[in-house]
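Student: Sequence and predicted model, in that order:
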Amino acid sequence: MKHHLFLSVFIFIGFLEFIFTLNVEELKPLNYEVEILQTPIKRGEEPPVPLMRMISTYGQEYTCTLPQVEEEQVTEKINLDEKNLDVKELLKPMRHGSCLLKVFQNQILASETLSAEVNENFNL
């Protein structure tokens, strides 16, 4: 009985390790940081661009501008096979926005530098 329990626990831990290792390895080379701008938005005010509300670990509220996606791009992305979707492809529309910035060697890159680097590194 103890051997069966030990074997079951060992297999379960091995399975969990495989799942979490796979996800962590995929995310290791990419680090992102949010750029916080000094532009306040009043509550109840309708902004001209789509926004995503975010809350820091300390409870501070922020808003993040989302890129405008044309209808053709949306239709094209819906037709893609989900198995072929990649994190780089999903983040591609955000490379021109002010929300998502890549941290490279502990330095935040400017938007122009980021766009050039994304295009170069990911062949976009």
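Tutor: Ah, there it is.
Student: any weak-confidence spans in the chain?
Tutor: Scanning the chain with the threshold set as pLDDT under 70 gives 1-3, 15-37, 39-43, 45-48, 67-85, 94-124.
Student: mind running it again at 80?
Tutor: 1-7, 9-57, 59-124 (pLDDT under 80).
Student: Go through stretch 52-64 and flag the buried ones.
Tutor: The neighbour-count check on stretch 52-64 (16 or more other Cβ atoms under 10 Å) flags 63-64 as buried. All C-beta spots, glycine's among them, are computed from the backbone N, C-alpha and C.
Student: Span of it from start to end?
Tutor: Its first and final residues considered, stretch 52-64 spans 5 Å by Cα to Cα, to the nearest Å.
Student: tell me which element Met52 falls in.
Tutor: In the assignment (DSSP states H and E), Met52 maps to strand 51-55.
Student: Next: Ser8.
Tutor: helix 2-27.
Student: what's the answer for Thr63, then?
Tutor: strand 61-65.
Student: Need the three-state assignment for the closest residue to Thr65 other than its chain neighbours.
Tutor: Leaving aside its chain neighbours, Thr65 sits nearest to Val49 (5.2 Å; criterion: Cβ to Cβ, 6 or more residues apart in numbering). What DSSP: H, G, I helix; E, B strand; the rest coil gives for Val49 is coil.
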